[in-house]
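Trainee: Sequence first, predicted model second:
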Amino acid sequence: MAKIKKKTKAETQIPNSSMSDIAFLLLLFFMVSTVFVRERGLKVNLPRAKSIEKIPRNHSATIYVSKNGLISIDDMEVSVPDVEWVMQKKLADDYNVIACFRTDKDATYGIMSDILYQLRKAQTLRVSFEAKLKR
């Protein structure tokens, strides 16, 4: 009787010589397909300041005020009475929200006073005024 030898199983291996090619192709794909969001807001001419401090953008609501009296909160145009409920909603979403003013340097102070009153009614007490660095 003849002895039959058992065949050894072929080893399975994952080829890793092309892994770096795949990684660079994925990196290139995500770099090309990523879209950066730009804030639209109102066109405002910011006043100048001697020093500025950066505010974290993930906890801020930007309030644009043009010299014509138009108000925009995070790219949504609102009127003065609507500022209260918009900021209440933002405060409910994020308790650490900061109201950041980007106000045209030619805007009247009356509209700023009205917006600040609405912010006080909405209990949004953390307020920042933005400016450009004077050079």
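Mentor: Nice, thanks for sending it over.

Trainee: where does Leu119 fall, phi/psi-wise?
Mentor: phi -60, psi -40 (degrees, to the nearest 10).

Trainee: Next up, the contacts around it.
Mentor: Val83, Glu84, Met87, Ala99, Leu125, Val127 (Cβ atoms under 8 Å, 6 or more residues apart in numbering). Where C-beta positions appear, they are placed from N, C-alpha and C, glycine not excepted.

Trainee: does Met76 have beta-bridge partners, and which?
Mentor: The partner list for Met76 in beta bridges (DSSP bridges) reads Ile73.

Trainee: what about the helices in the chain?
Mentor: Counting by DSSP state H, the chain has helices at residues 19-33, 82-93, 109-121.

Trainee: Dump those into a markdown table; add mean pLDDT as well.
Mentor: What follows is the helices of the chain, written out as a markdown table (pLDDT from 0 to 100):
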| stretch | mean pLDDT |
| --- | --- |
| helix 19-33 | 89 |
| helix 82-93 | 91 |
| helix 109-121 | 91 |
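
Trainee: of those helices, which approaches Gln13 most closely?
Mentor: helix 19-33 (12.8 Å; Cβ to Cβ).
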